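# sequence plus the predicted model coming up.
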Amino acid sequence: MQKQTTSNDPFLHKVIDNLHDTPMQRKLQRLAPMPVGVVFLPWPGMTEAEAREHFRTMKKLGFTCLKQTMGTLEWPTERTLALAMEEGIYPFWYAEGGFEDVTPALLEKLGLPKDMEVDAALENPKMLEYQRGVIRRRIDRDDSAPMVATGEHQKQNKDVTWVPGVVGDIKGHVLHTDALPHYVEWLRRQYGTVERLLEAWNMRHVGIGGEREQWKTWEDVLAALKDGVGGREYRRLRDALRFRADTFTRQYVTEKVQNRTDKEEPLRAGGEMGLFLSFASRGTDMEQIAEAMAEGGSFYPSIHLAWHFEEVDFEVARPMYMQAQTSTDWAKGIWSATWESTGGPQYFSGGKAPFVEGARNRQPGFTTDDRTMGQLMFSWLAAGFKGFGLWAWNARTAGWEAGEYALLDRNRNVTPRTVRAGQIGQAACKYRRELWEAHKEPIVGILQDWENEAYWAAMSVTGRDFYKGQPIRARIGVSRAFINANVPWEYVTPTNLKRGLGPRYQCIYVPAFISLGTELLQMLHDYVQQGGRLVIDMPGAYYDDFGRIFNTDKGSLFERTFGAVLNEFNYANVHTPHTIRATKGNQAAGLPDLQPVEGFTCQLTPTGAKVLANFVEYGEKPAVTAYKNGKGTAIILASQASLNCFKPGNEAMERFIVRHTLGDIESPYSCDGVLCYRLASPLADHYFLVNDSAETTVKLDTKDYQYKSASDAVTGETIALSAPIKVEGVGGRWLRFEKK
C-alpha cells in the first residue's frame, strides 16, 4: 500500500478542523450534539393523553427531539412543543446543540467546578435544568426556532422581489429588471472598468460584439442590459448566475446569520432540494451557503426519495451516500446532517418540479422498511452527518402526502422501521463523541466546481437543455466507480485546494470539466509536481473560465501538466466506434482486452506522456496517456469515462476508472460483496456496510490497520477479528473496531 508522506497528519485533519473555526463550531464541537429527531403531526381529535403517549414512545425507542411540528386549530405549534418538552423530548431540531455554551463562567454561575468536563456537566441535574430553561424560553418567542431556509418554503422578500428563489421552474440567468442596477454595481466591483467588462464578455470576438456595442460608461451597460443583450456569450451568462448566487447567499443566509438575536441558537441552511440538480443553472451556490453556516450553525440537505431521486432514476443505496458526501464536503469542518429526510415509504404524493424529463409520468415507488432505514442512516453517518431529522413520526391524514413518509404505519402503530431507526439513533448518541472526533481518510478527491457547472448551464441556455445536468451525471458516475470498488473518496473543490487541501488526496479525478480555469489548472499542475496523481476525462478543458477556447497547444499550461497536446474533440457512437485495447498490466487488473466506449473522445499528441492504451480502430490514436511530472503523474482518459458510468451496470468502465486513477495505490481496506465506508476516530474506527443484494457473509480485510476488538455498534454483539461477517439482505451493519 502506498503511503501518504505529508508529515504526521497525512490526511490534513488539522487543516479540515481549522477551515471554519468559529465560536459556533467550537461550541458545537464541545457539546457534540447528536439529535435523533422526528416530525410530529397532530391529527383531528388528538387528545393530550395520546400526544403524551407518542412522545413517551419516541423517548423509549431512542428519539430525542422534534425535528418539526405543524400547527392546527386544535393544536397550535407552541402547545405541541411544550408538551414534548414536558415528556423529555427536545422541541427543536438541534436538541442539545441549542444549549448555552458550557463555559467556566456558566459552570461557576451554577455552582459547579469551573474545570468540570463538558460531558460530566451535561449529565448534571443543575446544568440540564438550566439548559432546558434556555430552550423553554424559545418556545415562548414569536420567532421561535428560526432557520435559514433556501427551499420552496422561502418567502420572497417583498422589498427585493428580484432575489431568486431556489426550487421552481426558474431560469437562473434571467434577471428581473429591478435587479439590473444592482447587477451593474456588482459588475463594476468585479471588473473595475467598462473596458475590462467588454474584454471579459468577449465583445471583441466575432459573432458576439459588434459596432453597436460601443459601451463607454456603466450607464451604457445598464441601458444595454435593459434593452437585452444576446445570449450566445457564455461569460455574460456565467456572471448573471454568479450575481444571483452571491445575492441570494448574502440576503437570505449571511444577513440572517449576522442579524440573529440569539447567538446560542443554531440556524440551519441548505434546503428542500435534491443534490443531483444543477445549482449553478438556478443561480445558487451551495458551497457558498455552507460557508456562511460556519457562523450560523449547520448545513443540511433535505432528502426525500420521491422528490430528490428522479435524477438518478430512483436508485437509492449509492446515490444516498453521494448525496450525503456532497453536503459534508461542501461544509468541511461545519456541522452537517440531514435535518429533513425520509422516514418511510412514498407512493402517490410528493410534488415534482419539472427538472427531469418524463419524471411526472413515472411512479416514484419505494420499499422503505427497517432495512432501508439501515442503509440510509448508515450512509449518512459514514459520510460524516451528525444527527437525524426524519419526516415523519406519523403521516399526514389527508391530501398531500397522506399516509406517507412516516416511521409509524398508516394506522399510527410502531413498525420495525420505527424500532430500527431508534436503535441506530441510540447507537449514534452512545458514540456521539467518537463520531464528532472522527474524520474521513480519502485516497481520491473527486473535483467539483461551481464554475464548471455554470458553463455547462450557459451552454444549455442556447443549446440543449440536458447540458446543465452533465457535470452532475459525470460526478455520479465516477463516485459510483469508487463506491463499488470500496475505495475511500470525497469531493474536493477549488476553494479547498486554495486552502491547502491538495496533499490530502493521493489522487484527484476531474470529471467532465468543460471549463477549466487557468488558476485551477495551475493548482492542479502544482499538485502533480508535488507528488499527486491527477486524472482528467472528456469532455474536458474545452473552455477557459471566460468561455473561450482553452489553450491546449504545445507550451500551454495544459501541455506542461499532462505532457500532451489536446488537438481535437471527437465522438464515439455506432457510426464511429471507438474501442480501447487494454495493456497487459490492465488485463491483469481485470480490464477487458477490448473495451468499447461511447460519447466524447479526443485526439491527443503526446509530447512527453507515455501512451498506456490506444483506440484500436484508429491505429496509434491514444486512449490513455500518463505523464511523469515532477514527483507525480498526470493522466488523460480520452473518453467520457465518468459520464459512461452514470447509470449502474458499466462495470468494465468503472474498473477502467479505478485502475487508471489508483495506478499502484491500493485501498486501505477491502470487503468484497458489499459497499464499505470507514470513519477514523482516535479510539476506534467505524465501518459501515451497505448491502443492496441478498443476505451475504463477507470478510472485512483491514490490511495494515490493527485493532484489539470489534463489535456491532447497534446491537453490541462482539465480532471476532478476521471472522466472516453476516450482512442482512438489502440492509447493512455498523461495526466499531477499537484501536490498540
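Sure, I can see it.

# mind listing the helices for the stretch 451-600 of the chain?
With DSSP state H, counting those that start in this stretch, the ranges of helices along the stretch 451-600 of the chain come out as 470-484, 494-498, 518-529, 557-562, 584-588.

# low pLDDT regions in the protein?
By pLDDT under 70, the weakly predicted segments of the chain are 1-6, 142-170, 210-213, 230-231, 272-273, 349-357, 584-590.

# helices or strands up against the helix or strand hosting G389?
Assigning secondary structure by DSSP states H and E places G389 in strand 388-391. The helices and strands touching strand 388-391, judged by 3 or more Cβ pairs under 8 Å, 6 or more residues apart in numbering; DSSP states H and E, are strand 36-40, strand 65-69, strand 338-342, helix 416-430. All C-beta spots, glycine's among them, are computed from the backbone N, C-alpha and C.

# what's the closest of the ones you listed to F466?
Relative to F466, the nearest member of the helices and strands packed on strand 388-391 by Cβ to Cβ is strand 338-342, separated by 27.2 Å.

# just after that closest one, pick out the following helix or strand.
Next helix or strand after strand 338-342 toward the C-terminus (DSSP H and E): helix 370-383.

# elements contacting that next one?
helix 317-330, strand 338-342, helix 416-430, strand 675-680, strand 684-691, strand 731-739.

# make CSV out of the ones you listed and add mean neighbour count.
Below are those laid out as CSV (neighbours: other Cβ atoms under 10 Å):
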stretch, mean neighbour count
helix 317-330, 24
strand 338-342, 27
helix 416-430, 21
strand 675-680, 23
strand 684-691, 24
strand 731-739, 21
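
# now the strand holding G389: how far from the chain's centre is it?
Relative to the centre of its chain, strand 388-391 is centred 17 Å away, using Cα atoms, centre = their mean, to the nearest Å.

# tabulate the helices and strands packed on helix 370-383 (JSON lines), appending distance to E86.
Below are these laid out as JSON lines (distance: least, Cβ to Cβ, whole Å):
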{"stretch": "helix 317-330", "distance to E86": "33"}
{"stretch": "strand 338-342", "distance to E86": "23"}
{"stretch": "helix 416-430", "distance to E86": "20"}
{"stretch": "strand 675-680", "distance to E86": "36"}
{"stretch": "strand 684-691", "distance to E86": "35"}
{"stretch": "strand 731-739", "distance to E86": "32"}
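
# closest one to F243 among the ones you listed?
Closest of these to F243 is helix 317-330, at 20.3 Å (criterion: Cβ to Cβ).

# okay, now the sheet partners of whatever helix or strand comes next after the closest one, with direction.
Sequence order places strand 335-336 as the next helix or strand after helix 317-330, per DSSP H and E. Strand pairing for strand 335-336, using DSSP bridges, gives strand 297-299 (parallel).

# and for the partner strand, what's in contact with it?
Contact partners of strand 297-299, identified using Cβ atoms under 8 Å, 6 or more residues apart in numbering, comprise 24, 28, 94, 97, 265-270, 289-290, 293, 327, 330-331, 334-337, 339.

# please repeat the previous calculation with a cut-off of 7 Å.
With Cβ atoms under 7 Å, 6 or more residues apart in numbering as the test, strand 297-299 has contacts from 24, 266-270, 289-290, 293, 327, 330-331, 334-337, 339.

# now do stretch 277-284
164, 166, 170, 172, 241, 244-245, 248, 285-286, 311, 355, 450, 453-454, 457, 460, 468-469, 472.

# now with 8 Å, please.
150, 164, 166, 170-173, 240-241, 243-245, 248, 285-286, 311, 355, 450, 453-454, 456-457, 460, 468-469, 471-472.

# for E53, grab the count of nearby residues.
12 (other Cβ atoms under 10 Å).

# and the one 4 residues further on, by the same measure?
By other Cβ under 10 Å, 16 other residues sit near T57.

# nearest spatial neighbour of it, chain-adjacent residues omitted?
Once flanking residues are discounted, T57 sits nearest to V414: 6.6 Å by Cβ to Cβ, 6 or more residues apart in numbering.

# burial of the one you found, as a residue count?
Using other Cβ under 10 Å, V414 is surrounded by 15 other residues.

# which SS state does V257 fall under?
Assigned with DSSP: H, G, I helix; E, B strand; the rest coil, V257 falls in the helix class.

# A294 is in contact with that one, correct?
No - the pair V257 / A294 is not scored as a contact, 9.0 Å apart, by Cβ atoms under 8 Å.

# of the helices and strands packed on strand 388-391, which is nearest V184?
V184 sits nearest to strand 338-342 of all these, at 37.5 Å, using Cβ to Cβ.

# buried only: go through the contacts of stretch 277-284 for me.
150, 164, 166, 170, 172-173, 240-241, 243-245, 248, 285-286, 311, 355, 450, 453-454, 456-457, 460, 468-469, 471-472 (16 or more other Cβ atoms under 10 Å).

# and A458, how close does it get to K647?
Look at A458 and K647: by Cβ to Cβ, to the nearest Å, they are 26 Å apart.

# got TSV for the helices of the stretch 451-600 of the chain, with distance to D140 too?
Below are these laid out as TSV (distance: least, Cβ to Cβ, whole Å):
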stretch	distance to D140
helix 470-484	44
helix 494-498	40
helix 518-529	50
helix 557-562	60
helix 584-588	67
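
# which one of those helices lies nearest to D119?
Set against D119 and scored by Cβ to Cβ, the helices of the stretch 451-600 of the chain come closest in helix 494-498, at 31.6 Å.

# helices or strands up against that closest one?
Helices and strands touching helix 494-498, by 3+ Cβ pairs under 8 Å, 6+ apart, are helix 518-529.

# flag every buried residue along the helix it packs on.
L520, L521, M523, L524, H525, Y527, V528.

# name the surrounding residues that touch that helix.
Under the contact criterion Cβ under 8 Å, 6+ apart, helix 518-529 has outside partners 449, 451, 494, 497-498, 502-503, 508, 510, 534, 541, 544-545, 557-558, 560-561, 629-634.

# which of these count as buried?
Burial by neighbour count, 16+ other Cβ under 10 Å: within the contacts of helix 518-529 this picks out 449, 451, 494, 497, 502-503, 508, 510, 534, 541, 544-545, 557-558, 560-561, 629, 632-634.
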